[in-house]
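Colleague: Turn this into a structure:
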Amino acid sequence: MSREVSDAAQNGERGQLLKGYESAPSSHLAIAVDRSGTEAIVRLNGRIDVDSSPDVRDCLLTILSGKQSVHAVTVDLAGVTFIEASGVATLVEALKIAGHRQTRLHLQGLHGSVLRLFEVTGLLPLFETIHGGKGVA
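Modeller: Predicted coordinates:
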């Protein structure tokens, strides 16, 4: 993660586009972070695959280990068109780290094939969703 990305996440800049890149013509991921007090919303748009999941990981780790304490992180997946196992593993890792830091990690915007992947892997009940508690999309 670039120094600019780390600074933007730690300084609480709202609506800051943290990372946008083209890894291939068919693969694109944009990451934006909004911070308000002790809460952060990470908005993901595009594909989360083996090429882009390290960027998601870096972003979430920067927020979870930043100088400014956060009590809740919401990962908005409404704009995600595709997610593979590496992306799910990244979110599970962030959930574990958040738990150790007593930070709540929420998923928001689960839909379509993204929701189905969490359901068929049996991981959905591990996560809190923004609407209605654990495992409810």
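Colleague: does residue 55 count as helix, strand or coil?
Modeller: Look at residue 55: counting by DSSP: H, G, I helix; E, B strand; the rest coil, its state is helix.
Colleague: my guess is it contacts residue 42, does it?
Modeller: No: with contacts counted by CB atoms under 8 Å, residue 55 stays clear of residue 42, the gap being 11.0 Å. The C-beta positions use only the backbone N, C-alpha and C, and glycine is treated the same way.
Colleague: between these two, what contacts are shared?
Modeller: Residues touching both residue 55 and residue 42 (CB atoms under 8 Å, 6 or more residues apart in numbering): residue 31.
Colleague: partner residues bridging residue 34?
Modeller: Beta-bridge pairing of residue 34 under DSSP bridges involves residue 41.
Colleague: burial measure for it, as a count.
Modeller: Using other CB atoms under 10 Å, residue 34 has 16 other residues around it.
Colleague: ok, now residue 78?
Modeller: 12.
Colleague: can you give me the helices for the protein?
Modeller: Shown for the chain, the helices assigned by DSSP state H span residues 3-10, 53-64, 85-100, 112-120.
Colleague: okay, those helices in TSV with mean neighbour count and mean pLDDT next?
Modeller: Below are these laid out as TSV (neighbours: other CB atoms under 10 Å; pLDDT from 0 to 100):
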stretch	mean neighbour count	mean pLDDT
helix 3-10	16	39
helix 53-64	20	95
helix 85-100	17	96
helix 112-120	15	94
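Colleague: List the pairing partners of the longest strand along the chain within its sheet, with orientation.
Modeller: Using DSSP state E, we find that the single longest strand of the chain is strand 72-83. Neighbouring strands of strand 72-83 in its sheet, by DSSP bridges, are strand 39-48 (parallel), strand 104-108 (parallel).
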